[in-house]
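J.: here are the coordinates; sequence isn't available:
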């Protein structure tokens, strides 16, 4: 069973949070205060991340299966599911393979496919981590996670997440990179039939607005919001804005 924190605060059903690559449930620490009074919040550590063990041959689909088990065991199906980056890929796979577990979908700074060169690109990133250690990638990641201005104003956020990144098991990181390089949900997400909202930072260089637009076009009824002056981890850089968009759009449709 995957590790998770549960905040049983609200009457509006369950909200499951799925984090980004080589981080853990703590990436949601700045958003949770905005939603915990309204929802039964489950912040989950994905396989091979945080306190959750990895498993052999990890794929985005197998991660989604593991999240489905948590939702079932916690007795919160169907749940609203928010996925950030890697977590957004897992959330889409969950909605496709386990539609009975998902009530609505929030996709933050993510994609359904990383492109033709994805296997090679992700393999190269994995190799750098394997050869030089996770800490060697921190500067690269921080520059993608947040805008320069945010890092100057609130350096403690990147510093906190960099510690989580550096503590990630490198073999689990390599396995997850392979999974992300292989993911291609383009032909499957058209089957998603629940309210879906997509958010992307205007300055997200990891999964830019073209990725967001591609998902919007493929998922029936999906809406798209672009947050100005925002990098890849929108819920950590602009939690108030993300919470407002969720309330005005996604939560209003369920």
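T.: Ah, there it is. All figures in this text were calculated on a predicted structure; none of them were measured in a lab.

J.: mind checking which helix or strand residue 174 is in?
T.: Using DSSP states H and E, residue 174 maps to helix 170-182.

J.: for that helix, packing partners?
T.: The helices and strands touching helix 170-182, judged by 3 or more CB pairs under 8 Å, 6 or more residues apart in numbering; DSSP states H and E, are helix 60-74, helix 86-97, helix 118-132. The way it works is simple: take the backbone N, C-alpha and C, and place the C-beta from them, glycine included.

J.: between that helix and helix 118-132, how big is the angle?
T.: Angle between the axes of helix 170-182 and helix 118-132 is 170 degrees (criterion: axes from the mean of the first three to the mean of the last three CA atoms, to 10 degrees).

J.: Show me what counts as buried in helix 170-182.
T.: 172-181 (16 or more other CB atoms under 10 Å).

J.: now swap in stretch 4-17 and tell me
T.: Residues of stretch 4-17 classed as buried: 4-5, 7, 13-17 (neighbour count, 16+ other CB under 10 Å).

J.: Please identify which pair of the residues you listed lies farthest apart.
T.: Within these, two members stand farthest from each other by CB to CB: 5 and 13, at 17.4 Å.

J.: from the buried residues of helix 170-182, which single one is nearest residue 68?
T.: Nearest to residue 68 among these, counting by CB to CB, is residue 179 at 16.4 Å.

J.: Which pLDDT does the model give the closest one?
T.: Listed pLDDT for residue 179 reads 98.

J.: got it, and residue 10?
T.: With respect to pLDDT, residue 10 scores 84.

J.: Start at 57, not 1
T.: All right, first residue 57 from here; so that's residue 66.

J.: Quick check: it touching residue 136?
T.: No. Using CB atoms under 8 Å, residue 66 makes no contact with residue 136, being 11.3 Å away.

J.: Could you pull out the residues contacting both of these two?
T.: Common neighbours of residue 66 and residue 136 are listed as residue 95 (criterion: CB atoms under 8 Å, 6 or more residues apart in numbering).

J.: if we can go back for a sec, got the buried residues of helix 226-238 as a markdown table, with distance to residue 81 columns?
T.: Below are those laid out as a markdown table (distance: CB to CB, whole Å):
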| residue | distance to residue 81 |
| --- | --- |
| 228 | 15 |
| 229 | 17 |
| 230 | 21 |
| 231 | 19 |
| 232 | 15 |
| 233 | 20 |
| 234 | 23 |
| 235 | 19 |
| 236 | 19 |
| 237 | 24 |
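
J.: Looking at those, which two lie furthest apart in space?
T.: With CB to CB as the measure, no two of those lie farther apart than 228 and 237, at 15.0 Å.

J.: Centroid-nearest residue for this protein?
T.: Nearest to the geometric centre of the chain sits residue 140, at 2.0 Å (CA atoms, centre = their mean).

J.: Dig out what that residue forms beta bridges with.
T.: Beta-bridge partners for residue 140, by DSSP bridges, are residue 164.
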